[in-house]
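*Asks:* need coordinates for the below:
(chains A and B)
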Amino acid sequence: MRNLVIAAVLLMAGAMPALAASEDDYKTAFAAADAAEKQASALRNKWTTTETHLAAAKKAAAAGNFDAAVAAARDAEALAKASVFQATSEKDRWKDMEIR
Amino acid sequence: MRMRAILFPAVAALVSGTLACIAASALAAPDKVDPAADAKAFQKYFTDKFPKVKLSDFVNGPYSMNEDMRKQWEEKEEFPPYEFALEAGKEMFGKPFKNGKTYADCFANGGIGIRQNYPYFDQKEGKVVTLELALNRCREANGEAPYSYVKDEMASLTAYMAYTSRGKPMDIKIPNDPRALEAYENGKRYFYTRRGQLNFSCASCHVQSPGQRIRAEILAPALGILNAMPIYRSEWSGMGTISRRFVSCNSQTRAVPLEPQSDEYRDLEYFLSYVSNGLPISGPGARP
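*Replies:* Numbers count the residues shown, from 1 in each chain, chains lettered A, B, ... in the order given. The predicted structure follows:
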């Protein structure tokens, strides 16, 4: 009987849809991406793909699709952070490629 | 014996201390900026990599690396695709501004045969001045609106000015001014720094891979790459300036390009032109 109850609870949990993202989730995700992109901008090293994802996030949010908006904003944040890492690591690493 | 026992550790300590100091100073010393040595090494790299290509032929970009492309280009030069821009540039150059002055009033030797001296370091301004920038400054000083830096009128004007300088060796000077050396070094850093999502530097294509294909294109060597500017590019279906070349290269690596004539691009042009000193001006050029 106990096993049956546990199995029923697990089945119900599995059948429930994941919670949809809210506007607040989007705002939080976008703010994080925007902050990372501002850092990249200060380093004069923005990537076109980051900008594309930021624009996609805004467009999805404007259409009320906050799941897509949050996903795009998170991608933008990851790309912006990668561009910041690139600019920082290249500060000295460029010399490895120099013709001497 | 006792004396030797005392002296030996003292001498050993002195020697090891001196060596340590030399090593430390070598580590701490910043790399000395030596543009002349850079240019020599830069040119040697390409002549060693392509021993069959004459030094002066590097200005012909991919045509110096690929025989089939060269034949096609030589035939194309019978009726070069930049001809219309060249004619337009000549006409524009001679046409007076509203105040009666012309471009010739803004440049040494009336603007004829001077392309090889650009860019130069302006010690008053403390910055690099390119030909494109000087042309727009000339326009603004005479009450005219500046042109777009990337194509059309600017490409036509620079095409004409390059044409009057064909065959003259690139002759970029770096004055004895720490700001000029800094601009040169900044340009060098920009050239070798990886950027964009594809993690490419200018050197990734134009130093490591000239003569190789990237998709359908054959990559041009960095040596002499600006001597042929501006260019008619089939890919663009039109003419493009040095600014356009930098902007489009950055975009291709998925980097957001900087604004044309930003300090970085001006410094990059300074570096790239300096290391090509001695190679002839061949612009305007035509590229696939």
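*Asks:* show the pLDDT at the residue in the stretch 1-150 of chain B positioned nearest to chain A.
*Replies:* Nearest residue of the stretch 1-150 of chain B to chain A: B:Y45, at 4.7 Å (Cβ to the nearest Cβ). (C-beta placed from N, C-alpha, C; glycine too.) We have a pLDDT of 98 for B:Y45.
*Asks:* just give the nearest non-adjacent residue to B:G278, would you?
*Replies:* Using Cβ to Cβ, 6 or more residues apart in numbering or on different chains and skipping the chain neighbours, the partner closest in space to B:G278 is B:P169 (5.0 Å).
*Asks:* contact partners for that neighbour?
*Replies:* Residues near B:P169 by Cβ atoms under 8 Å, 6 or more residues apart in numbering or on different chains: B:116, B:277-281.
*Asks:* buried subset of those residues?
*Replies:* Listed as buried from the contacts of B:P169 are B:116, B:277, B:279-281; burial here means 16 or more other Cβ atoms under 10 Å in any protein chain shown.
*Asks:* what's the spacing between the residue nearest the centre of chain A and chain B?
*Replies:* With distances taken as Cα atoms, centre = their mean, A:R74 lies nearest the centre of chain A, 0.9 Å away. A:R74 sits at a distance of 16 Å from chain B (criterion: Cβ to the nearest Cβ, to the nearest Å).
*Asks:* what parts of chain B come near chain A?
*Replies:* When proximity is defined as Cβ under 8 Å from any Cβ of the partner chain, chain B approaches chain A at B:31, B:38, B:41-42, B:45, B:188-189, B:192-197, B:199, B:201, B:203-204, B:207-208, B:251, B:254-256, B:258, B:264.
*Asks:* go again using 7 Å as the cut-off
*Replies:* B:41-42, B:45, B:189, B:192-197, B:199, B:201, B:203, B:207, B:251, B:254-256, B:258, B:264 (Cβ under 7 Å from any Cβ of the partner chain).
*Asks:* where helices are concerned, which of the residues you listed count?
*Replies:* Secondary structure from DSSP state H places B:41-42, B:45, B:189, B:192, B:203, B:251, B:264 of those in helices.
*Asks:* pull the helix or strand with minimum mean pLDDT from the chain.
*Replies:* Since no chain was named, I'll use chain A. None of the helices or strands of chain A scores lower by mean pLDDT, DSSP states H and E than helix A:2-15, at a mean of 59.
*Asks:* what's the closest non-adjacent residue to B:A222?
*Replies:* Leaving aside its sequence neighbours, B:A222 sits nearest to B:H206 (Cβ to Cβ, 6+ apart; 3.8 Å).
*Asks:* let me see the contact set for the nearest residue to B:A41 once chain neighbours are set aside.
*Replies:* Excluding the flanking residues, the one nearest B:A41 by Cβ to Cβ, 6+ apart is A:I99, at 5.2 Å. Applying Cβ atoms under 7 Å, 6 or more residues apart in numbering or on different chains, we find A:I99 in contact with B:41-42, B:45, B:207.
*Asks:* how about 8 Å then?
*Replies:* For A:I99, the contacting residues are B:38, B:41-42, B:45, B:207, by Cβ under 8 Å, 6+ apart.
*Asks:* one step back: show me which pair in the ones in helices among the residues of chain B next to chain A is furthest apart.
*Replies:* B:A41 and B:S251 (29.7 Å; Cβ to Cβ).
*Asks:* could you dump stretch B:129-139 to PDB, C-alpha only?
*Replies:* Written as PDB, here are the backbone C-alpha positions of stretch B:129-139 (Å, rounded to 0.1, in the frame of the first residue of the first chain):
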ATOM      1  CA  VAL B 129      46.000  60.400 -38.900                       C
ATOM      2  CA  THR B 130      44.900  58.300 -41.800                       C
ATOM      3  CA  LEU B 131      44.200  59.400 -45.300                       C
ATOM      4  CA  GLU B 132      40.500  58.800 -44.900                       C
ATOM      5  CA  LEU B 133      40.400  60.900 -41.800                       C
ATOM      6  CA  ALA B 134      42.500  63.600 -43.400                       C
ATOM      7  CA  LEU B 135      40.000  63.800 -46.300                       C
ATOM      8  CA  ASN B 136      37.000  64.200 -44.100                       C
ATOM      9  CA  ARG B 137      38.800  66.800 -42.000                       C
ATOM     10  CA  CYS B 138      39.600  68.600 -45.200                       C
ATOM     11  CA  ARG B 139      35.900  68.600 -46.100                       C
END
